[in-house]
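> Curious how this folds, go ahead:
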Amino acid sequence: AHAAPGIGLMMEQIDELALRTTDGPNLDFAWGGNAWPVTWYFRNLNNATFFGQNPTLQAVDGRAAVYASQDIRARVEPLLEDRYYRFEYIRMWWPMQDYFNLTPQRVTNALDFSPTNTQASEIRLGMFDIWWSRDYTRYGQAVGTDFSLQNWPVAERLYFYVRKDIAAQVWNLGVGDGIAFVPPEAVTTVNQCTANWQTRFADVIFSPPAPLINPLDIAVSDDGRVYVAEEFGNRISVFDTNGSYITALDGNTTDPNLALNRPNGVAVDPSGNLYVADTWNYRIRAFSPSFDLLTGWGQIGQFSFDAPAEPVDGFWGPRDVFVDDAGRVFVSDTGNKRVRVYDLNGQYLYDVGSGGSAFGQLDEPAGVAVSADGRLFVADTWNRRVSVFNAATGDPQMVFEVNAWYEDLGSRPYLAVDDQRGLLYVTDPNAGRVLVYDLLGNCIGAFGQPTDQPSDGSQFDTIGGITTDAAGNVYVVDNAAGRVLRFAPFVESAPAVDPLAGQPIAPEATAEVGPLLPEETIELLGGVAEGEEQAPITAATEELTAEISGGVMGEATGAITAP
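Numbers count the residues shown, from 1 in each chain. Model (predicted):
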C-alpha cells in the first residue's frame, strides 16, 4: 500500500504529456539517478535517455521532461535553469520500521493494561488505527515520532521537470488560457554562465605522497607555499605551486593546543603565518611557517539565529577563515549565521551580518573572501546568494543570487577573488563546477564537468575550497576525489575546444544579478518583513507563475517551483 504513490502520480503526468504531445509513449524524456524502481515504470517510454549519476547538457538540453532522484538533483537543476517547472513527489518505499530494535521491555510496556500506563493504551489504540485505516497519527504521538507524509522515515524525494513551453501547451501553466505557444527562448533570459561555459583542463594536478583525506580549503602564501586543509586527516598538507609535496602540520596529537578536529578553513596573513579554522574544536589557530603556535582563540557558542556578541570568541562550526591586507581575520561562524572579525592576535573587532534572509542577514555563511578594494564577499549558502559587505565596517552593500547549491548534501561553497582581473570564483560543490563572476556580481562564465569518477583535469566529483595566487592561477580542491588541481586564469572568450578532449558536460546555473532596492524605495513600499529576503533588481524582474487549481498541487505533489 505504501510502495509508490509518488511514482504513480508522476507517471500520470508523464502519460498525459506523452499522449497530448506525441499521441503515444514517445515523450522526449531524460532521466537519471537511482535506477530502481523507476526503470520499471519508464520501460514503455520509447524516447527516453538514461544518464545515470552524471547528467550532461547533451542528455537534458531541450528535453520535454526530465526526472532526477534526490541524490543528483544538485547536478541536474543547473542544466535546466529557469526553463523548467519542478514537481516534487515523495516515494514511500516501505512501511515505517518502528519494529526495529524491538525489545522485551517494549513488548511488556505495550501489553500493560494498568490504568496508570496511558502510553501503553495510546500505543495499542494507535496500532489499531494503523491496521484499520492506515492512520499513523495516534501511534506516532504515543511513541514521539512524526509519521506524516513529509516526514515518512522510509522514503525518498523524486524530482520531475517539465519544460515551460510544453507545460503551457498542455496545462496552461504560467500563461493563462488563450495564450499562444511560448518558445523556450521566450521563458528565460540569456545566461552568460551557460553561454560562456568552457571546457578547461588543469595544467597541474598535485602529487601528494599519500592520498589526501577529505581535503577542503586551500590557501597560497606570497612565497609560493600551498596549504591544504584535510578535514578527516586532521592535518594541513603543504605543497609548492607546482604540486610537489613539502611537509605537513599533523593535528593528530594529544597536545590540546595543537590537536586539530576536522579543519575546514585555512588562510595566510601578509607575514606568511598560517591561520586554521579548527572547525569542530570551535576555534581559530595561528601558526608560523615552521608550525610554531602563535596564538589561538575560540570556544563553543551554539546560538544559531540572534546569536549574541558575547562571548566574543564563541563559534558554532567555523567553516572558513580569511586574512586581508589590513590584518583583519574574517571567520565564517556558520552555525551562528554571521562572520566574526578579529585582529591578527585574536582581539575581537566586530560582527558582520545576523541570522535571516533580509538585506544584510545571512543563513549558513560558508566561504569568505575580501577584494583589494575592501569588499567582503560571503557565500550565503541557504539564502542561495553571495552577500557583499564593507569589510572595514560590516555594512551590507549588495547581494546577487546564485542559482546553485540546490541540495544540501553537507558540502559548503567557497570563494576566491582575483583582483587583477576583477573576478570572483564561486564553487558549486555537488554540481562539480566553478562559477565565475565579475566583482559587480555579473556571471561571466563557468568551468567544470561533474562525474563520480574524474578521469582527467577537466572533471570534478565534489568541489571543496578554491583560491588564487599572485599570477591569477586558480587552485581547486576536488574534495571527493582527494586531489588538488591548478588552472590558468579564467578568460571571458572561450578557447578552442580540443575535439579529442571530450564534450562539455556541465554549464553553470543562471545567476540573477543586481543591487538591492535603495532604502528610501523600500520605505515607500512598506519595508521588508522580518526574516524575508529582499529580491535584487534584475533585467528580468517578472517571474512566470505556475497555477493548477488555484496554484496548489496537493500534499502528495507539493508546490510547483522553477529551478
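
> for residue 59, helix, strand, or coil?
Taken by DSSP: H, G, I helix; E, B strand; the rest coil, the conformation at residue 59 corresponds to helix.

> The residue lying closest to it once chain neighbours are set aside: how many residues sit nearby?
Leaving aside its sequence neighbours, residue 59 sits nearest to residue 51 (Cβ to Cβ, 6 or more residues apart in numbering; 4.1 Å). Where C-beta positions appear, they are placed from N, C-alpha and C, glycine not excepted. Neighbour count of residue 51, defined by other Cβ atoms under 10 Å: 20.

> how far away is residue 51 from residue 304?
For residue 51, the distance to residue 304 (Cβ to Cβ, to the nearest Å) stands at 38 Å.

> Spatially central residue in this structure, please.
By Cα atoms, centre = their mean, the chain has its centre lying nearest to residue 405, at 2.6 Å.

> Need phi/psi at it.
Per-residue torsions, residue 405: phi 60, psi 40 (degrees, to the nearest 10).

> Let me see the contact set for it.
Contacts for residue 405 (Cβ atoms under 8 Å, 6 or more residues apart in numbering) come out as 74, 381, 384, 413, 428-429.

> Let me have those in CSV, extended by pLDDT, neighbour count and secondary structure.
Output for the contacts of residue 405, formatted as CSV (pLDDT from 0 to 100; neighbours: other Cβ atoms under 10 Å; DSSP: H, G, I helix; E, B strand; the rest coil):
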residue, pLDDT, neighbour count, secondary structure
74, 85, 24, helix
381, 94, 25, helix
384, 90, 20, coil
413, 98, 27, coil
428, 94, 27, strand
429, 95, 26, helix
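
> farthest pair in those?
Farthest apart among those by Cβ to Cβ are 384 and 429. That separation is 13.2 Å.

> rewinding a little: between the contacts of residue 405, which is nearest residue 115?
Nearest to residue 115 among the contacts of residue 405 is residue 381, at 52.0 Å by Cβ to Cβ.

> With adjacent residues omitted, what lies nearest to that closest one?
Here the residue nearest residue 381, using Cβ to Cβ, 6+ apart, is residue 364, at 4.1 Å.

> List the contacts of the one you found.
334, 337, 380-383, 412.

> If you count neighbours, what's buried in the longest helix anywhere in the chain?
Ranked by residue count and defined by DSSP state H, the top helix of the chain is helix 5-22. Within helix 5-22, the residues that qualify as buried are 5-7, 9-11, 13-14, 17-18, 21, counting by 16 or more other Cβ atoms under 10 Å.

> Give me the contact list for it.
For helix 5-22, the external contacting residues (Cβ under 8 Å, 6+ apart) are 24-29, 37-38, 41, 45, 47, 64-65, 67, 87, 89-92, 158, 160, 162, 166, 169-170, 556-557.

> Now name the helix or strand holding the residue nearest to residue 59.
strand 48-52 (DSSP states H and E).

> mind saving the C-alpha coords of that strand as PDB?
Extracted in PDB, the C-alpha atoms of strand 48-52 (Å, rounded to 0.1, in the frame of the first residue of the first chain):
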ATOM      1  CA  ALA A  48      13.900   8.000 -23.000                       C
ATOM      2  CA  THR A  49      17.600   8.600 -22.300                       C
ATOM      3  CA  PHE A  50      19.200   7.400 -19.200                       C
ATOM      4  CA  PHE A  51      22.100   9.500 -18.000                       C
ATOM      5  CA  GLY A  52      22.900   7.700 -14.700                       C
END
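
> Just the mean pLDDT for that strand, thanks.
Across strand 48-52, pLDDT averages out at 89.

> next one: stretch 123-141
Here the average pLDDT along stretch 123-141 is 85.

> Please apply the same query to stretch 389-409.
For stretch 389-409, mean pLDDT is 91.

> And stretch 293-305, by the same measure?
Stretch 293-305 carries an average pLDDT of 96.

> begin at 162 from here
Fine by me, first position is 162 from now on; the one you just mentioned is stretch 454-466.

> Residues in contact with that stretch: which ones?
Outside stretch 454-466, the residues that touch it by Cβ under 8 Å, 6+ apart are 418-419, 434, 439, 442-449, 468, 472, 474-477, 479, 496-498, 503, 505-507, 515-517.

> and the end-to-end length of that stretch?
End-to-end span of stretch 454-466 (Cα to Cα, to the nearest Å): 33 Å.
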